[in-house]
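[1] give me coordinates for this.
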Amino acid sequence: MKIALVVTATLWMACSAFASESDLVKTLPERTVDGRFDTRCFSWGKDASRDFCETSFYRLLAAPEKYHGRLIGVIGFLVRVFDRPVLFVNRDSYEAGAEYEGVALVDVEIPGDIKGRLDDGVWPVLVVGEFDAKYTGIQIPRLGALRKIQSVAVMKRLPGSGE
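    Predicted structure coming up:
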């Protein structure tokens, strides 16, 4: 009998925990860093009237249409492919030939310190631009394109921030 009571109490506590987690969904913030749950993203510092979504490459791969036309920041492996800069999830994605995971950078001026290293690839690079999910590539299939690019920068960890 004691075992049955313990099991029943444990199940009741587990169900209560799920109920309280579902209540969190009701209290979503108006804005999130990546626009999850269809919230607005944070304001872009250079133009407060625009939203800026900083998203992981994995979220972009999973739902590119969600970011269509939005100003996004995404970190990836930047490499030159047939004389065009393309951003991939990482070097493995590029080397595996997963071309459909690549995001083309359109009409962009690559900074000199990055441009000279594009043949070998540069990691990690943050690119900020307007995502075009309708772009499917010219000759090679692509996930999309980044246009109206605001920034291309190599990311560096600050000393003492986790390494």
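[2] now the helices for the chain?
    Counting by DSSP state H, one finds helices in the chain at the ranges 2-26, 57-62, 91-95, 112-115.
[3] weakest of those by average pLDDT?
    Of all these, helix 2-26 carries the lowest average pLDDT, namely a mean of 46.
[4] low pLDDT regions in this protein?
    Scanning the chain for pLDDT under 70 picks out the ranges 1-26, 161-163.
[5] where do the strands sit along it?
    Under the criterion DSSP state E, strands of the chain are mapped to 42-44, 47-54, 71-81, 84-88, 103-105, 122-132, 144-154.
[6] how close does the nearest residue to residue 144 once chain neighbours are set aside sit to residue 67?
    In space, and not counting its chain neighbours, residue 144 is closest to residue 133: 4.7 Å by Cβ to Cβ, 6 or more residues apart in numbering. No exception for glycine: its C-beta is placed from N, CA and C like everyone else's. Distance, residue 133 to residue 67, by Cβ to Cβ, to the nearest Å: 7 Å.
[7] please say which of the two ends up with more neighbours.
    residue 67 (22 against 18; other Cβ atoms under 10 Å).
[8] chain neighbours aside, what residue packs nearest to that one?
    residue 131 (4.5 Å).
[9] who does residue 151 form a beta bridge with?
    Beta-bridge pairing for residue 151 (DSSP bridges): residue 128.
[10] burial check on it, number of neighbours?
    12.
[11] what residues are up against it?
    When contacts are counted by Cβ atoms under 8 Å, 6 or more residues apart in numbering, residue 151 touches 73, 126-128.
[12] now do the phi/psi pair for the residue nearest to residue 144.
    Note on residue 133: its backbone torsions stand at phi -80, psi -20 [degrees, to the nearest 10].
[13] quick one, which of the strands of the chain is nearest to residue 160?
    strand 122-132 (18.4 Å; Cβ to Cβ).
[14] which helices and strands sit right next to the closest one?
    If you count contacts as 3 or more Cβ pairs under 8 Å, 6 or more residues apart in numbering; DSSP states H and E, strand 122-132 packs onto strand 71-81, strand 103-105, strand 144-154.
[15] how about a markdown table for the ones you listed, with distance to residue 97 added?
    Shown next, in a markdown table, are those (distance: least, Cβ to Cβ, whole Å):
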| stretch | distance to residue 97 |
| --- | --- |
| strand 71-81 | 11 |
| strand 103-105 | 16 |
| strand 144-154 | 18 |
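[16] pick the most buried one from those strands.
    strand 103-105 (a mean of 24; mean count of other Cβ atoms under 10 Å).
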